[in-house]
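>>> Okay, sequence plus prediction incoming.
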Amino acid sequence: MLAIENENKRSQKDLLQHEIEVLAGIATSKDKYRKIVQAGIARWVKDFQKGQIKIDTVDDLKKLIEIDLQLQKDEL
C-alpha cells in the first residue's frame with residue numbers, strides 16, 4: 001500500500017511539474033507576442049507622425065491595441 005501512495009505522490013509531482021513548464025512556455029510566448037505588438041504600435045505611431053498614415057486607417061492601430069490589451073488582461 002505504501003508503494004502505491006509513493007507512486008501517486010510522484011505522479012502528482014510530475015503532473016504539477018509538467019503544468020508549471022506548460023504555463024511557463026505560455027507566459028514566454030505571450031511576452032514575445034507583446035513585444036511584437038508593441039513594436040507594431042510604435043511603428044504605426046512613427047509612420048503616422050511622418051504623415052504616411054491618414055486618419056482613416058486607424059483600424060490597424062486599434063487592432064494592435066486590442067491585442068496588446070488582451071495579452072495584458074490574460075496576465076492578471
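It's in.
>>> What does the pLDDT read for the residue most central in space within the chain?
Nearest to the geometric centre of the chain sits residue 30, at 1.7 Å (Cα atoms, centre = their mean). pLDDT recorded at residue 30 is 92.
>>> from memory it sits against residue 73, does it?
No - in this structure, residue 30 is not within contact of residue 73 by Cβ atoms under 8 Å, at 10.8 Å. Just so you know, the C-beta spots here come from the backbone N, C-alpha and C atoms, and that holds for glycine as well.
>>> Look up how far residue 10 lies from the residue nearest to the centre of the chain.
31 Å (Cβ to Cβ, to the nearest Å).
>>> Check residue 18 too.
Distance from residue 18 to residue 10, by Cβ to Cβ: 13 Å.
>>> Report the distance from the longest helix seen in the chain to the chain centre.
Ranked by number of residues, the top helix in the chain under DSSP state H is helix 2-49. Chain-centre distance of helix 2-49: 8 Å, with Cα atoms, centre = their mean, to the nearest Å.
>>> which is the next helix or strand following it?
Of the helices and strands lying after helix 2-49 in sequence (DSSP states H and E), the nearest is helix 59-75.
>>> Residues touching that following helix, excluding its own?
Applying Cβ atoms under 8 Å, 6 or more residues apart in numbering, the contact partners of helix 59-75 are 27, 30, 33, 34, 37, 38, 40, 41, 44, 45, 48.
>>> Just the buried ones among the residues you listed, please.
37, 40, 41, 44 (16 or more other Cβ atoms under 10 Å).
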